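> Mind folding the following:
(chains A and B)
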Amino acid sequence: MSQLRTRFAPSPTGYLHIGGLRTALYSYLYAKKNNGKFILRIEDTDQGRYVEGAVEIIYRTLRETGIMYDEGPDVGGDFGPYIQSQRKNEYLAYAKQLVESGHAYYCFCTEERLASLPDVNGARRYDKHCLSLSKEEVEARIAAGEKYVIRQNMPTTGNTTYHDAVYGDITIENSELEDQILIKSDGMPTYNFANVIDDHLMGINCVMRGIEYLSSTPKYNLLYDAFGWERPMYIHMPPIMKDAQHKLSKRNGDASYEDLVKKGFLKDAIINYIALLGWSPKDDSEKMTFEQLKEKFDIVGINKSPSIFDPVKLAWLNSLYIKEMTPEDFSAYAAPWIEDTYLKDFDRALVCKLIQSRIETFAEIPEKLRFLVEYGTFDNQLYTNQKQKTDAALAKEVLPQIKQAFQAVETWDNQNLYQALVALAQSLQMKNGKILWPARIALTGLAATPGGASEIAEIIGKEETLRRLDFAIAQLN
RNA sequence: GGCUCCUUGGUCAAGCGGUCAAGACAUCGCCCUUUCACGGCGGUAACACGAGUUCGAUUCUCGUAGGAGUCACCA
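Next up is the predicted model:
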């Protein structure tokens, strides 16, 4: 058997959305799993939809996520060029070949005539009007400079069947197939045509794509048959949904890969999560490295039904990846979220240590630590804690002593600070909580904070710690 | 509307004729604990419906319902 060759063929119309990224990922994984090649081809036959910079986003995203293509526009290969607009001169000849063999024909119908065709529930079916034109008439009209398109001549009877690796055998009546346009009046091929020609020319023998192509695949197969080419293996994939009714899409303002990164998700977590959307490994693994994904990926694990993108589960996975980062990596990655805020005034390492195990996405950082800079009047009821058996009265008694203990600390770090508090508790013959709880409340005015009293004191510094203690004491009187 | 596909807990998702119907996220409770978080333990929660086939259906078949895709000189 010849080497497996898969491809990812996006249109440069903007960000690479999650669905597209998953298609690329699966195609890549499947190729690599089978020692095959993964090819990137840019499908830009619709000049009207071309978006500046979109191609670069595709390159960058694939590189960043590790989905490396063996052949593509910017890496070369033996089957280039890999950008369809640069191949436009090839398609017409193939279309003409089909005209010769009777599988396609010239069509001169105007937009008006097309619009006058009977409307069946919002859809108009071309009536093969130009199929009956004589060869002479066709030549004369072309010579006269009349605009034309080339249409595929579909059989009107019978049916065509093909096998899809995930959906099984798909059979469609030929009468359902429209005489689709192969070459547009601007001379460019339609996606439907260029796609088949290029896949064949590039030796693609495995086509992985979204389910939206499931029912038009017979048209492509008819093209392969007309040319006498071998049909590729097809793997269609279910859509990724935003909710039960709506597909995830850029148009709906749903997150693209880049948006997710900006929201503080790690690329490894994103890839790991989308690999799991619509596919599951035999052994039930969830957190997997890219290497493990390559080992475990298999088309039998691909699901048939749509799956809903769950940002909550993504966040959970993200938190797992965050926790295993080294403090240095975490600090470096968190830098943008820290630089932009008041947090830059604090010791970076201490702040990072405090939050690394407490965030699921980096975007949570500023809000989570706002209390480090915001402090003011708070409800003395916060001193009341059932479990620690503390209340405002106790705080009033103990806070001045806490202040004294802190003042005596020579080296201002968490360890010493904590020891000072514990020692105070011991000398007062109290449980640690009776000191620790009021101390933390006094320092933050918050029922819940990341970290405890001593950690927070360490970060805000001695001066601020004492200032807050004075404030809290004053507030109790 | 025609055609094609899909349907297991709130979500992801195992299962491929016989299971007390896995696991994960979320949720709830307990433990740990300096609050929060982490971690540990446990609970709640599902085979869309109706017929068949079968000794036996979540698994097979057919209907029904619901959902998705498609029906472009867009990809």
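> now the helices: where do they sit in the stretch 201-350 of chain A?
A:217-227, A:257-262, A:267-276, A:290-296, A:311-323, A:327-339, A:348-355 (DSSP state H, counting those that start in this stretch).
> Would you mind measuring the gap between the ends of stretch A:72-87?
14 Å (CA to CA, to the nearest Å).
> Residue A:200 against residue A:229, yeah?
Yes. Look at residue A:200 against residue A:229 with CB atoms under 8 Å: they come within range, at 5.1 Å. Any C-beta I mention is one placed from the backbone N, CA and C, and that applies to glycine too.
> give the contact list for the residue of chain A found nearest RNA strand B.
Closest contact between chain A and RNA strand B, by CB to the nearest atom of the strand, is at residue A:452 (2.3 Å). By CB atoms under 8 Å, 6 or more residues apart in numbering, residue A:452 lies in contact with A:418, A:436, A:440.
> what's the answer for residue A:349, then?
A:327, A:331.
> pLDDT score assigned to it?
At residue A:349, the pLDDT value in this model is 94.
> what do you get for residue A:1?
On pLDDT, residue A:1 comes in at 58.
> same check, this time on residue A:166
Residue A:166 is given a pLDDT of 95.
> Secondary structure element for it, which one?
Assigned by DSSP states H and E, residue A:166 belongs to neither a helix nor a strand.
> Break down the stretch 51-200 of chain A into its helices, ranges please.
A:54-65, A:88-100, A:111-116, A:135-143, A:191-201.
> Highest mean neighbour count out of those?
Mean neighbours per residue, mean count of other CB atoms under 10 Å, is largest over these for helix A:191-201, with a mean of 21.
> so where's chain A shaky on pLDDT?
Counting by pLDDT under 70, the low-confidence segments of chain A come to A:1.
> what residues go with each domain of it?
By the assignment in automatic domain parsing, chain A contains the domains A:1-72+A:238-324, A:87-192, A:329-476.
> Looking at the helices of the stretch 201-350 of chain A, which one is packed in the most?
It is helix A:267-276: most buried of the helices of the stretch 201-350 of chain A by mean count of other CB under 10 Å, with a mean of 22.
> tilt between that one and helix A:311-323?
Between helix A:267-276 and helix A:311-323, the angle formed by their directions is 140 degrees, by axes from the mean of the first three to the mean of the last three CA atoms, to 10 degrees.
> Just the CA trace of helix A:267-276, in CSV.
Provided in CSV are the C-alpha atoms of helix A:267-276 (Å, rounded to 0.1, in the frame of the first residue of the first chain):
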residue,chain,number,x,y,z
LYS,A,267,-1.9,25.8,23.8
ASP,A,268,-1.3,22.3,25.1
ALA,A,269,-4.6,22.4,27.0
ILE,A,270,-6.5,23.7,24.0
ILE,A,271,-5.1,21.0,21.7
ASN,A,272,-5.6,18.3,24.3
TYR,A,273,-9.2,19.4,24.8
ILE,A,274,-10.2,19.7,21.2
ALA,A,275,-8.6,16.3,20.5
LEU,A,276,-11.2,15.0,23.0
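> any residue of it up close to RNA strand B?
Yes. Residues of helix A:267-276 are located near RNA strand B by CB under 7 Å from any atom of the strand, namely residue A:276.
> sorry, back to before: kindly present the helices of the stretch 51-200 of chain A as JSON lines, with separate columns for distance to residue A:391.
Below are the helices of the stretch 51-200 of chain A laid out as JSON lines (distance: least, CB to CB, whole Å):
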{"stretch": "helix A:54-65", "distance to residue A:391": "54"}
{"stretch": "helix A:88-100", "distance to residue A:391": "80"}
{"stretch": "helix A:111-116", "distance to residue A:391": "80"}
{"stretch": "helix A:135-143", "distance to residue A:391": "94"}
{"stretch": "helix A:191-201", "distance to residue A:391": "72"}
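> which residues in the stretch 1-150 of chain A form strands?
Using DSSP state E, counting those that start in this stretch, the strands of the stretch 1-150 of chain A run over A:5-8, A:37-40, A:104-107, A:119-120, A:123-124, A:149-152.
> Packed most tightly, which of those strands would that be?
Mean neighbours per residue, mean count of other CB under 10 Å, is largest over the strands of the stretch 1-150 of chain A for strand A:5-8, with a mean of 26.
> who's in contact with that strand?
Contacts for strand A:5-8 (CB under 8 Å, 6+ apart): A:20, A:23-24, A:27-28, A:30-31, A:36-41, A:62, A:67, A:69, A:199, A:202-208.
> That one: how far from the chain's middle?
Here strand A:5-8 is found 19 Å from its chain centre; the criterion is CA atoms, centre = their mean, to the nearest Å.
> Could you confirm whether that strand reaches RNA strand B?
No. In terms of CB under 7 Å from any atom of the strand, no part of strand A:5-8 sits within range of RNA strand B; the closest distance is 11.3 Å.
> Which elements pack onto the host helix or strand of residue A:469?
Take DSSP H and E as the rule and residue A:469 turns out to sit in helix A:453-476. On a contact count with 3 or more CB pairs under 8 Å, 6 or more residues apart in numbering; DSSP states H and E, helix A:453-476 meets helix A:348-355, helix A:392-408, helix A:414-427, helix A:432-444.
> Give me whichever of those helices is most buried.
Ranked by mean neighbour count, those are led by helix A:432-444 with a mean of 23 (mean count of other CB under 10 Å).
> Now the domains of chain A in JSON lines, please, with extra columns for distance to residue A:225.
Listed next are the domains of chain A as JSON lines, based on distance: least, CB to CB, whole Å:
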{"stretch": "domain A:1-72+A:238-324", "distance to residue A:225": "19"}
{"stretch": "domain A:87-192", "distance to residue A:225": "8"}
{"stretch": "domain A:329-476", "distance to residue A:225": "50"}
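> Quick check: residues of the stretch 151-300 of chain A near RNA strand B?
For the stretch 151-300 of chain A, the residues in contact with RNA strand B (CB under 7 Å from any atom of the strand) are A:167-168, A:170-173, A:176, A:178, A:180-181, A:184-186, A:188, A:190-192, A:211-216, A:239, A:241, A:244-247, A:276-280, A:282, A:284, A:286, A:300.
> my bad, should have said the stretch 351-477 of chain A
So the stretch 351-477 of chain A meets RNA strand B at A:357-358, A:387-388, A:414, A:418, A:421, A:432-433, A:436-437, A:440, A:447-455 (CB under 7 Å from any atom of the strand).
> Kindly supply the ChimeraX command isolating those of the residues of the stretch 151-300 of chain A next to RNA strand B that are buried.
Per 16 or more other CB atoms under 10 Å, the buried members of those correspond to this ChimeraX selection:
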select /A:167,170,172,178,180,181,184,188,190,192,213,214,239,241,247,276,277,278,279,280
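> How about the contacts made by residue A:174?
Residues near residue A:174 by CB under 8 Å, 6+ apart: A:154, A:155, A:156, A:157, A:158, A:159, A:160, A:218.
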